[in-house]
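Student: quick one, structure for this:
(one chain, ligands or ions: 1)
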Amino acid sequence: MAKKPIHFGVIGLGLMGREFASAAARWAHLLDLDFQPVIVGICDTNPALFGWYQDNFPSIRVVTENYHDLLADTGIDAIYCAIPHHLHADVYIDIIRAGKHLLGEKPFGIDLDANRRIAAAAAEHPHVFVASSSEFPFFPGAQRAIAFAREGRMGQIVEVEAGLLHSSDLNPNKPINWKRIARFNGVYGCMGDLGLHALHIPLRLGWMPRNVRALLSDLVHERPDGKGDTVPCDTWDNAVLFCEAEADGAAFPMTLKTYRIAPGETNTWYITIHGTRGGVRFSTRQPKSLWTMEYSSGGAQLWCEESLGYTPPYATITGGIFEFGLSDALLQMWAAFCDELTHGRAGMRQPFYCATLDETTQHHRVLTAALRSHEMKQAVDLEGI
Ligand SMILES: NC(=O)c1ccc[n+]([C@@H]2O[C@H](COP(=O)([O-])OP(=O)(O)OC[C@H]3O[C@@H](n4cnc5c(N)ncnc54)[C@H](O)[C@@H]3O)[C@@H](O)[C@H]2O)c1
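Tutor: Down below sits the predicted model:
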């Protein structure tokens, strides 16, 4: 099948820039798609990062330390942008104003005000397609949890738990980076880094919290700077948000966790939905396992484990009994972005689309309320934020 090329520029060539490029490089993994990303431009203020890209992507013809060079290039259709949070608003707005489609990294602005400035620019350029990165919902188990909820198989919701947990900050000797400095990462701290991951599915299912009571933990106050000195580490390490949400006119509690210090965890993303007639739970800690319960009055309450194998939204060459992982989820997310860009939402090969700009705004409202809640030591209503 002929594939329509989508010419991409990548701004920010660090951890996530490389993941994107790697996903583009194994596009052959996906079956029956009539579009393909081609990386033609790269930009980073650190030129030491250019080599890996140039060694692996002969399609690259623009290499620059100034992202305006990519925006001025008429041969570039879309930008993937993975840079520190304090730069999101200015750079995303420039990308949108240049008429380039944008897959930006979360949190889509360092704070709610920055996010709203991006949203205003997007509203002025409706022909530019803008979406946010958030890959975990593309795991087969996450997709099945979404389907379970949408099919109404759980009855009235009892409670929802979702989160992203890792433990890399348990080591006090881990050198500081921009994600641990509020000036660059934002005052949300761990919530800005991990919050959209926790909220993406609840928001997609229509479970926007009405109010939130948050407890934030600052466990590590300083870290080595990697040059022999110690510097302040002024971001929240952990956050737990107790929210009240609503489905079908009934309120239920929703607990969201974004932890950088969850001893023993390594980027564990999870969602659990308990209902009066059934429940579902999925965690990337056991990426093959989907747990479901179907309950009828007086019947046994049995959790069943199903081994899912490799059953993602977009068909691939991988056998159905194999394992699925984070880089597979990123590949699926890229396919969804390129699919929606090429065919529009209604014409997508499968219905699950990337996180929207509006969903990023809703998540910023929740995180802003969480900051206020922690400060005031009381629940904060989302109305008016
Ligand atoms: N979706 C996910 O699972 C996930 C995971 C990690 C990070 N992220 C997000 O990705 C983004 C980047 O995080 P990362 O982990 O890749 O960070 P990183 O520090 O590894 O990479 C960021 C890169 O941006 C470059 N940069 C800084 N200013 C620039 C500028 N003006 N122009 C061009 N490049 C510039 C830096 O030199 C660096 O190479 C953040 O928004 C973060 O929240 C997403």
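Student: which other residues reach stretch 287-299?
Tutor: 139-141, 144-145, 148, 153, 155, 276-283, 301-309, 323-325 (CB atoms under 8 Å, 6 or more residues apart in numbering). Heads up, the C-betas are built off the backbone N, CA and C, glycines and all.
Student: let's go with 7 Å and repeat that
Tutor: When contacts are defined by CB atoms under 7 Å, 6 or more residues apart in numbering, stretch 287-299 is touched by residues 139, 141, 144, 148, 153, 277-282, 301-309, 323-325.
Student: same check, this time on stretch 26-33
Tutor: Outside of stretch 26-33, the residues that reach it under the criterion CB under 7 Å, 6+ apart are 1, 3, 36-37, 314-317, 331, 335.
Student: span of that stretch from start to end?
Tutor: Distance between the two ends of stretch 26-33: 13 Å, counting by CA to CA, to the nearest Å.
Student: can you pull the contacts of the residue of the chain found nearest the ligand?
Tutor: Checking the chain residue by residue against the ligand with CB to the nearest ligand atom singles out residue 14 as nearest, at 2.1 Å. Taking CB under 7 Å, 6+ apart, we find residue 14 in contact with 49, 82.
Student: so which residues of the stretch 251-385 of the chain form strands?
Tutor: 268-275, 278-283, 289-294, 304-307, 380-381 (DSSP state E, counting those that start in this stretch).
Student: alpha carbons only: can I get the helix or strand hosting residue 142 in PDB?
Tutor: Element membership for residue 142 (DSSP states H and E) is helix 140-150. As requested, the backbone C-alpha atoms of helix 140-150 are provided in PDB (Å, rounded to 0.1, in the frame of the first residue of the first chain):
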ATOM      1  CA  PRO A 140      -4.100  -3.500  25.300                       C
ATOM      2  CA  GLY A 141      -5.100  -3.800  29.000                       C
ATOM      3  CA  ALA A 142      -6.000   0.000  29.200                       C
ATOM      4  CA  GLN A 143      -8.100  -0.300  26.000                       C
ATOM      5  CA  ARG A 144     -10.000  -3.200  27.500                       C
ATOM      6  CA  ALA A 145     -10.500  -1.300  30.800                       C
ATOM      7  CA  ILE A 146     -12.000   1.600  28.700                       C
ATOM      8  CA  ALA A 147     -14.200  -0.700  26.800                       C
ATOM      9  CA  PHE A 148     -15.400  -2.400  30.100                       C
ATOM     10  CA  ALA A 149     -16.400   1.000  31.500                       C
ATOM     11  CA  ARG A 150     -18.000   2.200  28.300                       C
END
